[in-house]
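okay, here's the prediction I keep looking at, along with the sequence it came from:
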Amino acid sequence: MLGRLATWLRLMGFDTTYGSHLSARALVRHARDEGRIILTRDRRLRRVSEPPPMLFIISDHFRDQLRQVVDAFQLDPFSRTFTRCARCNVLVLPIDKAAVADRVPPYVLATQERFVHCPRCRRIYWPATHSDHLQAELRALGFAPRPAP
């Protein structure tokens, strides 16, 4: 139900687990065990006795959902972009260009200098146009980079 929101939060660098396969009880237990906040559209979860911290997501549209979460938790959507694997949620690590030579398309190898990888799923990431797209989408949502302290 909130998979796209979870992916965008990860792209912005926020530690976000997603468990569409979890029952309500398992989700609550997971949130308690890991000290997480539940983001949900499931009205039944609001009736759980002694629930962990929870934010009920109002909209069906991911842009509105993203805006609601950023506003509710005063997140800086620009401060940690592309620091987590969009699939696994693990922090990505720098990797030498030579080490990815046989794992990325030739054009990418020729045009990119910086690469990171996920130590869990082994996906390779590079800035390319994804970074520009993310920045543009965040600005279109009305977010602005915060000035450095």
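Received the coordinates, thanks. Please read all numbers here as calculations on a predicted model, not as lab measurements.

could you list the domains of the chain?
1-82, 84-126 (automatic domain parsing).

hey, least reliable of those domains by pLDDT?
Sorting the domains of the chain by mean pLDDT places domain 1-82 lowest, at a mean of 91.

what's the end-to-end length of it?
23 Å (Cα to Cα, to the nearest Å).

before we move on, what about stretch 7-26?
21 Å.

tell me which residues of it are tucked away?
Buried residues in stretch 7-26, defined by neighbour count with 16 or more other Cβ atoms under 10 Å: Thr7, Trp8, Leu9, Arg10, Leu11, Met12, Gly13, Phe14, Thr16, Tyr18. Quick note: C-beta positions are derived from backbone N, CA and C, even for glycine.

tell me which element Ala136 falls in.
Using DSSP states H and E, Ala136 maps to helix 128-140.

ranges for the helices of the chain?
Along the chain, the stretches classed as helices by DSSP state H are 3-11, 24-34, 62-73, 106-111, 128-140.

any chance of those helices in TSV, with distance to Val48 too?
Shown next, in TSV, are these (distance: least, Cβ to Cβ, whole Å):
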stretch	distance to Val48
helix 3-11	20
helix 24-34	6
helix 62-73	19
helix 106-111	46
helix 128-140	32
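
so which of those helices is nearest Arg84?
Arg84 lies closest to helix 3-11 among the helices of the chain, at 4.8 Å (Cβ to Cβ).

quick one, that closest one and helix 62-73 angle?
50 degrees (axes from the mean of the first three to the mean of the last three Cα atoms, to 10 degrees).

can you name every helix or strand that helix 3-11 contacts?
Where contact means 3 or more Cβ pairs under 8 Å, 6 or more residues apart in numbering; DSSP states H and E, helix 3-11 is packed against helix 62-73.
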